[in-house]
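Chemist: next input, structure requested:
(one chain, ligands or ions: 2)
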Amino acid sequence: MDDLKKRGLVLLGCGKMGSAMLKGWLDGGLPPSSVTVIAPRPSDWVKSTGVNINTDLPEDPAIVLLAVKPQKMAEALPSLKALGNGSTVFLSVAAGISLASYEEMLGDKTPIIRAMPNTPSAIGRGVTGIVGNARVTADQIQLADELLQAVGQVVQLENEGQIRALTAVSGCGPAYVFHLIETMAAAGTAAGLPEDMALQLAKATVAGAGVLAEETDETPTQLRVNVTSPNGVTAEALRVLMDEENGFPPLLDRAIKAAMKRDAELA
Ligand SMILES: NC(=O)C1=CN([C@@H]2O[C@H](COP(=O)(O)OP(=O)(O)OC[C@H]3O[C@@H](n4cnc5c(N)ncnc54)[C@H](OP(=O)(O)O)[C@@H]3O)[C@@H](O)[C@H]2O)C=CC1
Ligand SMILES: O=C(O)[C@@H]1CCC=N1
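Modeler: Ligands and ions are numbered 1, 2, ... in the order given. Presented below is the predicted three-dimensional model:
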């Protein structure tokens, strides 16, 4: 991390994901002076952080984070090509785009790491999968791992092929959970609760269940059983949700497959 502070971190794109990660790093003590953001329309929040914005780039930054939309990558990346084939590590969070495509755009001697984070990174509770190309050294993987651990957990993938499924599960996953909160709250409101109370109950239930699932030694299956009194109330709801034809299992399976299909298209 000292190397990163000295040589600098460049962010290409600083929208929702770039800002979530930058917030986590700045909150964790990364000096804003070590960071250079390249962004056509930096947000008020980015401007308020004290990072360098659209200034000259450091000569040999330790890491360049690529956080533009996959569709914008080919247009945005040429401005950084001079840093390719050197010791700067390119860390891409973009869905779909392969290590081979980056090698084509930046030079095949460029150390490149694909990472797939998620937005809870903004509060240090993200989870990121990473995989590097053949040029990445163990030290560079270690640096990326350390940087990403500042915003949550890190999983090292065995091969690039796994990143598509990881994207569909944890990269997109917060959106599924937020939608669960939305729909629980809406169902609670329809069932007679005041809207704000239903939302409070849905948020606290999802947050509490999430922390419990992470902190206990019990499996999610056992935790579910613990809630489900025999012939009780939960059992009736689960009969609907666990239905093998219309419940969560086929629905989530279809959702994950749809996400993976889109990831492949973006590639
Ligand atoms: N959102 C998420 O939960 C996750 C996103 N990702 C990945 O992160 C990447 C960014 O997604 P997200 O943050 O959601 O998208 P956003 O649209 O919020 O952010 C992308 C940013 O890139 C900027 N930008 C566009 N063109 C350029 C350029 N030429 N140079 C520099 N910056 C540019 C955009 O600016 P402007 O809007 O002004 O055009 C925008 O601020 C994507 O590749 C996505 O796959 C990965 C994991 C999770
Ligand atoms: O929706 C997307 O394409 C990005 C990738 C993972 C989360 N958001």
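Chemist: please count neighbours and contacts with C-alpha atoms only from this point.
Modeler: Will do.
Chemist: residues touching the residue of the stretch 1-150 of the chain found nearest ligand 2, list them.
Modeler: Nearest residue of the stretch 1-150 of the chain to ligand 2, counting by C-alpha to the nearest ligand atom: Ala95, 5.1 Å away. Taking C-alpha atoms under 8 Å, 6 or more residues apart in numbering, we find Ala95 in contact with Pro70, Met116, Thr167, Asp263, Leu266, Ala267.
Chemist: need the three-state assignment for it.
Modeler: Following DSSP: H, G, I helix; E, B strand; the rest coil, Ala95 is assigned to coil.
Chemist: so what's it scoring on pLDDT?
Modeler: As predicted, Ala95 sits at a pLDDT of 94.
Chemist: show me where the protein has helices.
Modeler: 2-7, 16-27, 44-48, 70-76, 99-106, 138-149, 163-166, 173-190, 195-215, 220-227, 233-241, 248-266 (DSSP state H).
Chemist: okay if I get those as CSV plus mean neighbour count, distance to ligand 1 and mean pLDDT?
Modeler: CSV is the format used below for these (neighbours: other C-alpha atoms under 10 Å; distance: least, C-alpha to the nearest ligand atom, whole Å; pLDDT from 0 to 100):
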stretch, mean neighbour count, distance to ligand 1, mean pLDDT
helix 2-7, 14, 20, 90
helix 16-27, 21, 4, 92
helix 44-48, 12, 10, 97
helix 70-76, 15, 4, 94
helix 99-106, 17, 13, 96
helix 138-149, 18, 13, 93
helix 163-166, 20, 10, 97
helix 173-190, 16, 7, 98
helix 195-215, 15, 18, 98
helix 220-227, 12, 24, 98
helix 233-241, 13, 26, 98
helix 248-266, 15, 9, 96
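Chemist: same list, these, but as JSON lines with distance to Leu83 please.
Modeler: Formatted as JSON lines, those follow (distance: least, C-alpha to C-alpha, whole Å):
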{"stretch": "helix 2-7", "distance to Leu83": "13"}
{"stretch": "helix 16-27", "distance to Leu83": "20"}
{"stretch": "helix 44-48", "distance to Leu83": "24"}
{"stretch": "helix 70-76", "distance to Leu83": "14"}
{"stretch": "helix 99-106", "distance to Leu83": "8"}
{"stretch": "helix 138-149", "distance to Leu83": "16"}
{"stretch": "helix 163-166", "distance to Leu83": "25"}
{"stretch": "helix 173-190", "distance to Leu83": "33"}
{"stretch": "helix 195-215", "distance to Leu83": "40"}
{"stretch": "helix 220-227", "distance to Leu83": "46"}
{"stretch": "helix 233-241", "distance to Leu83": "51"}
{"stretch": "helix 248-266", "distance to Leu83": "25"}
